[in-house]
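Engineer: Sequence and predicted model, in that order:
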Amino acid sequence: MKQYLNLLKEIKENWIWKDDRTWTGVRWIFWMQAKYNLDDWFPLVTTKKTFLRIIIVELIWLIRWETNIKYLVDRKCHIWDEWPFQNWVDNSGEVVSKDYPMYSKNWLELKKEFIKKIKDSDKENSWLKKWWELWPVYGHQWRDFNSQKVDQIKNAINQIKVNPTNRRIIVSAWNPAQIDEMLLPPCHAFFQFNVDTVNNKLNLQLYQRSADMFLWVPFNIASYSTMLILFSKITGLTPWTFTHTLWDAHIYNNHINQVEEQLSREPFSLPELKLNKDIKTLEDIEKLEWEDFELINYKSHKSIKAPVAV
């Protein structure tokens, strides 16, 4: 994963300071790009333990057209907890928000109660249906763009199969008409497929408008690489190159020490990702669970914790 580590080093050495939406402050670089070849290894960061189970659970959740966190919570995936929880704290009127400063002991305890209520409740619980929602985020736009029944994922798969030279095989999560309805506008805004018809290989490029380099970019790399593998399988192609284009690549000020620690570590050899289930259709992908995957020869340094900027 030298490509990813080189991006961190470049920001560390050539950064520009600016404030940001979260009031945390960032060190950033405008426009970066890295390419990951999937021919014989899987690009999962080894300089800190990166939990592929969480990444794959989230990816299947997105592909399944989901926009609430019940599916994730039930599978012990908590990477989206903060946004619906903070929305509830700020807007429900059930608590006094100033009594729960973000990441305080009170805030953390209340979040545990909120998540437990989601886990223990039926999906049709009216209170939860209101407050566990992220509204029309990624999965909604991918499968029902602008709530107009435009299934971009299905269309992309069809174009890969029947019109592989098409230069318009694009899936967009960025929808200006519904941005204000989303708890978090999409950071990974759109992606595009390219078919090498000579060698029967599939390539994927992601355009990411905003990139939290320490926390989320390792997840994005592994998630879209997994997507490339899955879509290749159901279209009869070989997964080849994932290209990651980063528009605003930044390290939050409260992640600097963590980045220093990560860069001090020597990377291990990369693992292999194996799918132990035969898949032929998009519907087969929707039914996958983490247990259907096998991560082979993954060796990593210990995890490094850092706060999420909400």
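Structural biologist: Thanks, I have the structure now. Residues are numbered from 1 along each chain as shown.

Engineer: just the strands in the stretch 101-250 of the chain please.
Structural biologist: Using DSSP state E, counting those that start in this stretch, the strands of the stretch 101-250 of the chain run over 170-172, 188-196, 201-212, 238-252.

Engineer: Please tabulate these in a markdown table, including the columns mean pLDDT and distance to residue 28.
Structural biologist: Just so you know, the C-beta spots here come from the backbone N, C-alpha and C atoms, and that holds for glycine as well. Conversion of the strands of the stretch 101-250 of the chain to a markdown table gives the following (pLDDT from 0 to 100; distance: least, CB to CB, whole Å):
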| stretch | mean pLDDT | distance to residue 28 |
| --- | --- | --- |
| strand 170-172 | 98 | 24 |
| strand 188-196 | 98 | 17 |
| strand 201-212 | 98 | 9 |
| strand 238-252 | 97 | 4 |
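
Engineer: any idea how far the residue positioned nearest the centre of the chain is from residue 70?
Structural biologist: Centroid check for the chain by CA atoms, centre = their mean gives residue 220 as the closest residue, at 4.6 Å. Computed with CB to CB, to the nearest Å, the distance linking residue 220 and residue 70 is 23 Å.

Engineer: Can you report how many residues lie near residue 291?
Structural biologist: By the measure other CB atoms under 10 Å, the count of residues near residue 291 is 10.

Engineer: in the stretch 151-300 of the chain, which spans are helices?
Structural biologist: Ranges of helices in the stretch 151-300 of the chain, per DSSP state H, counting those that start in this stretch, are 152-162, 217-235, 256-263, 282-286.

Engineer: between these, which one is nearest to residue 60?
Structural biologist: Closest approach to residue 60 among the helices of the stretch 151-300 of the chain is made by helix 282-286 (7.0 Å; CB to CB).

Engineer: got the contact list for that closest one?
Structural biologist: With contact meaning CB atoms under 8 Å, 6 or more residues apart in numbering, helix 282-286 is reached by 60, 63, 64, 153, 154, 157, 230, 234, 277, 278, 279.

Engineer: If you rank those by neighbours, which is first?
Structural biologist: Ranked by neighbour count (other CB under 10 Å), the contacts of helix 282-286 have residue 60 at the top, with 24 neighbours.

Engineer: To which secondary structure element is that residue assigned?
Structural biologist: helix 52-63 (DSSP states H and E).

Engineer: Report the angle between that helix and strand 188-196.
Structural biologist: Calculated by axes from the mean of the first three to the mean of the last three CA atoms, to 10 degrees, helix 52-63 forms an angle of 90 degrees with strand 188-196.

Engineer: Whichever helix or strand comes after helix 52-63 - contacts with which helices or strands?
Structural biologist: Counting by DSSP H and E, the next helix or strand C-terminal to helix 52-63 is helix 70-74. Judged by 3 or more CB pairs under 8 Å, 6 or more residues apart in numbering; DSSP states H and E, helix 70-74 is in contact with helix 52-63, helix 105-120.

Engineer: now these in TSV, with distance to residue 90?
Structural biologist: Converted to TSV, these look like this (distance: least, CB to CB, whole Å):
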stretch	distance to residue 90
helix 52-63	24
helix 105-120	12
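
Engineer: Specify the stretch among these that is closest to residue 265.
Structural biologist: Minimum separation from residue 265 across these (CB to CB) falls at helix 52-63, 18.6 Å.

Engineer: Check which helices and strands the closest one sits against.
Structural biologist: Applying 3+ CB pairs under 8 Å, 6+ apart, we find helix 52-63 packed against helix 70-74, helix 138-143, helix 217-235, helix 282-286, strand 293-296.

Engineer: what is the orientation angle of the longest one with helix 152-162?
Structural biologist: Orientation of helix 217-235 against helix 152-162 (the same axes, to 10 degrees) gives an angle of 50 degrees.

Engineer: tilt between helix 217-235 and helix 256-263?
Structural biologist: Computed by the same axes, to 10 degrees, the angle separating helix 217-235 from helix 256-263 equals 60 degrees.

Engineer: Dump the C-alpha coordinates for helix 217-235 into PDB.
Structural biologist: Provided in PDB are the C-alpha atoms of helix 217-235 (Å, rounded to 0.1, in the frame of the first residue of the first chain):
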ATOM      1  CA  VAL A 217      -9.800   6.600   2.700                       C
ATOM      2  CA  PRO A 218      -8.500   3.100   3.600                       C
ATOM      3  CA  PHE A 219     -12.100   2.000   3.900                       C
ATOM      4  CA  ASN A 220     -12.900   3.700   0.500                       C
ATOM      5  CA  ILE A 221     -10.000   1.900  -1.200                       C
ATOM      6  CA  ALA A 222     -11.000  -1.500   0.100                       C
ATOM      7  CA  SER A 223     -14.800  -0.900  -0.500                       C
ATOM      8  CA  TYR A 224     -14.500   0.100  -4.100                       C
ATOM      9  CA  SER A 225     -11.900  -2.600  -4.800                       C
ATOM     10  CA  THR A 226     -14.400  -5.100  -3.500                       C
ATOM     11  CA  MET A 227     -17.100  -3.600  -5.700                       C
ATOM     12  CA  LEU A 228     -14.800  -4.000  -8.700                       C
ATOM     13  CA  ILE A 229     -14.300  -7.700  -7.800                       C
ATOM     14  CA  LEU A 230     -18.000  -8.400  -7.400                       C
ATOM     15  CA  PHE A 231     -19.100  -6.600 -10.600                       C
ATOM     16  CA  SER A 232     -16.300  -8.400 -12.500                       C
ATOM     17  CA  LYS A 233     -17.700 -11.700 -11.300                       C
ATOM     18  CA  ILE A 234     -21.200 -11.100 -12.500                       C
ATOM     19  CA  THR A 235     -20.100  -9.700 -15.800                       C
END
